[in-house]
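In: how would this look folded up:
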Amino acid sequence: MLADSADRGAYSAAQARTIAAAVELFSQHGVSGTSLQMIADAVGVTKAAIYFQFRTKFDIVLGVATTELAWLAAAVDEAEAEQCDVTAREMLLSRMIDLTIERRGMVGMLQTDPVIVEFLADYEPFHRVMERLFAVLETGDSAGTMEVPAAMLMAAISGAAAHPLVANFDNATLRSHLMHLAQRLFRLPG
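Out: Numbers count the residues shown, from 1 in each chain. The predicted model follows:
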């Protein structure tokens with residue numbers, strides 16, 4: 001699953017393997033706690049081979065952010081293509097929940113790792129996807145009234161998926177709970 005995310009960018013197969021390994025290691029150890037040697041060991045290559053693919057660790061962070069953001073951008077694309085605002089919101093929430101559950105460890109790291117948080121604060125593609133995402137959530141009758149619920153829900157979805165209290169929940173159970181709460185918050189049928 002996570003390995004597939006690296007294939008979504010314009011990266012070589014070797015770079016995709018490096019990004020996939022970095023995703024796993026960043027999720028477990030954080031960016032600062034992950035060395036290039038750890039990434040090289042996980043991929044089964046030398047550190048020099050990693051440097052050949054990516055000149056700096058920052059370039060690996062960029063690769064991780066780019067490939068992971070591609071999943072969210074695809075979900076926003078699908079929702080924007082919907083004619084009905086309610087259907088678009090429901091579809092986007094459903095996809096966000098699915099993506100978050102599939103990437104529990106990564107999502108927690110994206111929200112809490114200081115290197116990633118600082119990187120995303122200045123990463124314009126992230127801001128563009130977030131603007132589009134909020135636009136879908138705030139369309140129609142809800143325009144201008146959904147900023148707080150949307151921000152709350154995004155934090156709640158990612159926080160709940162990564163929280164130790166639900167670590168033993170299977171994906172279907174967690175998804176059911178999160179979707180029910182999302183539908184209530186956004187006053188969607190369900």
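In: against which helices or strands is the longest helix along the chain packed?
Out: Counting by DSSP state H, the longest helix found in the chain is helix 57-80. Helix 57-80 is packed against helix 2-6, helix 13-29, helix 36-43, helix 85-102, helix 114-122, helix 124-137, with contacts defined by 3 or more C-beta pairs under 8 Å, 6 or more residues apart in numbering; DSSP states H and E. Using the backbone N, CA and C atoms, a C-beta is placed for each residue, glycine as well.
In: what does stretch 27-41 contact?
Out: If you take C-beta atoms under 8 Å, 6 or more residues apart in numbering as the criterion, stretch 27-41 is touched by 18, 21-22, 25-26, 46-47, 49-51, 57, 60-61, 105-106, 108-109, 113-116.
In: a markdown table for the helices and strands packed on helix 57-80, including mean neighbour count, distance to residue 164 and mean pLDDT?
Out: Output for those, formatted as a markdown table (neighbours: other C-beta atoms under 10 Å; distance: least, C-beta to C-beta, whole Å; pLDDT from 0 to 100):
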| stretch | mean neighbour count | distance to residue 164 | mean pLDDT |
| --- | --- | --- | --- |
| helix 2-6 | 18 | 20 | 41 |
| helix 13-29 | 20 | 15 | 95 |
| helix 36-43 | 17 | 24 | 98 |
| helix 85-102 | 20 | 15 | 91 |
| helix 114-122 | 14 | 20 | 92 |
| helix 124-137 | 16 | 27 | 90 |
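In: can you tell which of these is closest to residue 184?
Out: helix 85-102 (11.2 Å; C-beta to C-beta).
In: now do the helix or strand following the closest one against helix 124-137, angle only.
Out: Per DSSP states H and E, the first helix or strand lying C-terminal to helix 85-102 is helix 104-112. Computed by axes from the mean of the first three to the mean of the last three C-alpha atoms, to 10 degrees, the angle separating helix 104-112 from helix 124-137 equals 100 degrees.
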